[in-house]
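**Q** give me coordinates for this.
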Amino acid sequence: MNFKSFSFPDALLQALDELNFHTLTPIQQAAIPVVRRGHDVLATAQTGTGKTAAFALPVIHRLLEGESLKSPRALILAPTRELAEQIANNCQAFCQYTPLTVQAVFGGVNVEGQTQRLAQGVDILVATPGRLLDLIRLGAVSLAQVKYLVLDEADRMLDMGFVADMQKVIDMVSEDRQLLLFSATFPTAVKQFAKQVLREPKLVQAAKENTTAETVRHVVYPVEQKRKQELLSELIGKKNWLQVLVFVNMKDDADQLVKELELDGISATVCHGDKSQGARRRALREFKEGKVRVLVATEVAARGIDIDGLPRVINYDLPYLAEDYVHRIGRTGRAGNSGQAISFVAREEEQTLLHIETLIGQKIKRYYLPGYEVASRENLIENLAKKPSHQRRKARTNRPSNQASGEARAKNRAKISNVRQRLKGAQLKLQK
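**A** Below you'll find the model as predicted:
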């Protein structure tokens, strides 16, 4: 099946043809007809399978059939700046021969420039939750006319604590809105949230829950934590890897790793939350253009980085949540291309690896590099697998909402106040 089968407008088909969009991916084939019929949708698919087109194309088609307004009629929420910018760029490419306008708003850049562009009018607004609510409080944008609301990477937004913000946004849009919830993984938190906000939704699944692309080859290198940097430099140097995306858990570790790689003669750059949006764009551009061989990133880069033909991703540190492994390694093996997911696993990370293997439903092959041998871990792994904590492992849960956090702080303040009053009373008694 191709895109002409859906009878899209000529302007949209022309753009798709120039973008070399011809054959539909499974998620596009499954989701587009359901979205066009006006149903709420709960969709899950492996990352890199064309989810943006799956929700954007039918929404654009329906917008073209309606009347243009000064306020946005379609809103797409995304968890990170990179993903919001990527979605907006894709939508702009799809709309290039139509009168529709697209605008992305996110933190890390000047809010005044975004306010001025919104004042000119926009049809499709792509936003991160925090910056969107800031702009609403400033009176720069209204969601009253939004009839198509997309929550992309909903699992990540829930994990980042945006549940209250997403609910606020849903309450602000048009009452007769169509809500599309897309997620790469399908933990319990997503199912519960979907049940609360979706109306008689259609379930669209292009793959089994929490699976990785079949085109990705997974390998593990057992190594002591203190020798990970040495192993990374040796693998890149001896194997002459020219483009490597490396994930670490801490921002300070990311900065330090870049310095160590540079000392070893390996060009590298860094991307994490403390960097400005301009610096993050520059790092990604240099990596894509081959000016640096290694991009070291924290979880912020796990969503929204789309690099054609990226050959490999390395988990220098395993993610804290097994589900995030799926998102990290989803940067490689995209659109049918082959890719390699490499993980460095220290002794203290073995249980996390067991969780990951349980989640993706496969045992990951281990490679022991000469010179980096570690003690046999078979007994350790066997014992970890028997632990009740591993067997009773539950899916991730959301961070508390802002309201819940506020209530907790209020209770703590009340407790502190009571303690102070009792101490003061005791002091008065002693004085008497």
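**Q** and the gap between Tyr368 and Val258?
**A** Distance of Tyr368 to Val258, computed by Cβ to Cβ, to the nearest Å: 27 Å. (Each C-beta comes from the backbone N, C-alpha and C, glycine too.)
**Q** so which of those two has more stuff around it?
**A** Ranked by neighbour count (other Cβ atoms under 10 Å), Tyr368 and Val258 place Val258 first, with 22 against 12.
**Q** that one reaches Val270, doesn't it?
**A** Yes: using Cβ atoms under 8 Å, Val258 is in contact with Val270, at 4.8 Å.
**Q** stretch 180-196: end-to-end distance?
**A** Chord length of stretch 180-196, first to last residue, is 13 Å (Cα to Cα, to the nearest Å).
**Q** that stretch: which residues count as buried?
**A** 180-187, 189-190, 193-194 (16 or more other Cβ atoms under 10 Å).
**Q** tell me the mean pLDDT for it?
**A** The predicted model gives stretch 180-196 an average pLDDT of 88.
**Q** so how far is it off the chain centroid?
**A** Offset of stretch 180-196 from its chain centre (Cα atoms, centre = their mean, to the nearest Å): 14 Å.
**Q** shouldn't His218 be within a helix?
**A** No: counting by DSSP: H, G, I helix; E, B strand; the rest coil, His218 is not part of a helix but strand.
**Q** tell me how many other residues crowd it.
**A** With other Cβ under 10 Å as criterion, His218 counts 19.
**Q** got a list of what it touches?
**A** For His218, the contacting residues are 212, 329, 341, 343, 360, 362, 364-365, by Cβ atoms under 8 Å, 6 or more residues apart in numbering.
**Q** switch to 6 Å and redo it
**A** His218 makes contact with 341, 364 under the criterion Cβ atoms under 6 Å, 6 or more residues apart in numbering.
**Q** what bridges to it?
**A** Per DSSP bridges, the residues bridged to His218 are Ala341.
**Q** begin at 10, not 1, for the rest of this chat.
**A** Sure, I'll start counting at 10 from here, so that last one is His227.
**Q** do you know the pLDDT at it?
**A** The score at His227 is 94. That number is its pLDDT.
**Q** how far away is it from Leu368?
**A** In terms of Cβ to Cβ, His227 sits 12 Å off from Leu368.
**Q** correct me if wrong: Asp132 contacts Gln112.
**A** No: between Asp132 and Gln112 there is no contact under Cβ atoms under 6 Å: 8.8 Å.
**Q** between these two, tell me which one has more neighbours.
**A** Shown here are Asp132 and Gln112; by other Cβ under 10 Å, Asp132 has more neighbours (25 against 20).
**Q** could you find the closest non-adjacent residue to that one?
**A** Leu109 (4.4 Å; Cβ to Cβ, 6 or more residues apart in numbering).
**Q** do the same with Thr361
**A** With sequence-adjacent residues excluded and distances taken as Cβ to Cβ, 6+ apart, Thr361 is closest to Leu327, at 4.6 Å.
**Q** same thing with Gly274?
**A** Gly246 (7.9 Å).
**Q** again, but for His70
**A** Phe17 (5.7 Å).
**Q** tell me the pLDDT at the one you found?
**A** Note on Phe17: pLDDT of 92.
**Q** for Thr197, see how far away it is.
**A** 36 Å.
**Q** ditto for Thr107
**A** Taken as Cβ to Cβ, the span from Thr107 to Thr197 is 40 Å.
**Q** before we move on, what about Met259?
**A** 27 Å.
**Q** residues in contact with Arg90?
**A** Arg90 makes contact with 115, 117, 286, according to Cβ under 6 Å, 6+ apart.
**Q** go again using 10 Å as the cut-off
**A** Arg90 is in contact with 113-118, 137, 140, 282, 286, 289-290, 309, 313, counting by Cβ atoms under 10 Å, 6 or more residues apart in numbering.
**Q** likewise for Val257?
**A** Taking Cβ under 10 Å, 6+ apart as the test, what Val257 contacts is 237, 263-267, 279, 281, 305-308, 323-326.
**Q** can you tell me which of those residues is nearest Leu160?
**A** Nearest to Leu160 among the contacts of Val257, counting by Cβ to Cβ, is Glu308 at 18.9 Å.
**Q** that closest one: neighbouring residues, count only.
**A** Look at Glu308: counted by other Cβ under 10 Å, it has 21 neighbours.
**Q** can you name the helix or strand that the closest residue to it other than its chain neighbours falls in?
**A** Using Cβ to Cβ, 6+ apart and skipping residues adjacent in sequence, the residue nearest Glu308 is Asp333, 6.5 Å away. Assigned by DSSP states H and E, Asp333 falls within helix 331-338.
**Q** repeat that for Ile36.
**A** Using DSSP H and E, Ile36 sits in helix 35-45.
**Q** next SSE downstream of that helix?
**A** Downstream of helix 35-45, the first helix or strand assigned by DSSP H and E is strand 50-53.
**Q** in stretch 115-128, what's buried?
**A** 115, 118, 123-124, 127.
**Q** revised request: answer the last question for stretch 261-275.
**A** Under 16+ other Cβ under 10 Å, the buried positions of stretch 261-275 are 262-263, 266-267, 270, 275.
**Q** mind putting those into CSV with secondary structure?
**A** Formatted as CSV, those follow (three-state DSSP):
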residue, secondary structure
Asp262, helix
Ala263, helix
Leu266, helix
Val267, helix
Leu270, helix
Ile275, coil
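**Q** with pLDDT as added columns, please give those in a markdown table.
**A** What follows is the buried residues of stretch 261-275, written out as a markdown table (pLDDT from 0 to 100):
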| residue | pLDDT |
| --- | --- |
| Asp262 | 93 |
| Ala263 | 93 |
| Leu266 | 96 |
| Val267 | 95 |
| Leu270 | 95 |
| Ile275 | 95 |
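**Q** against Asn346, how distant is the residue nearest to Asp132?
**A** Distance from Leu109 to Asn346, counting by Cβ to Cβ: 31 Å.
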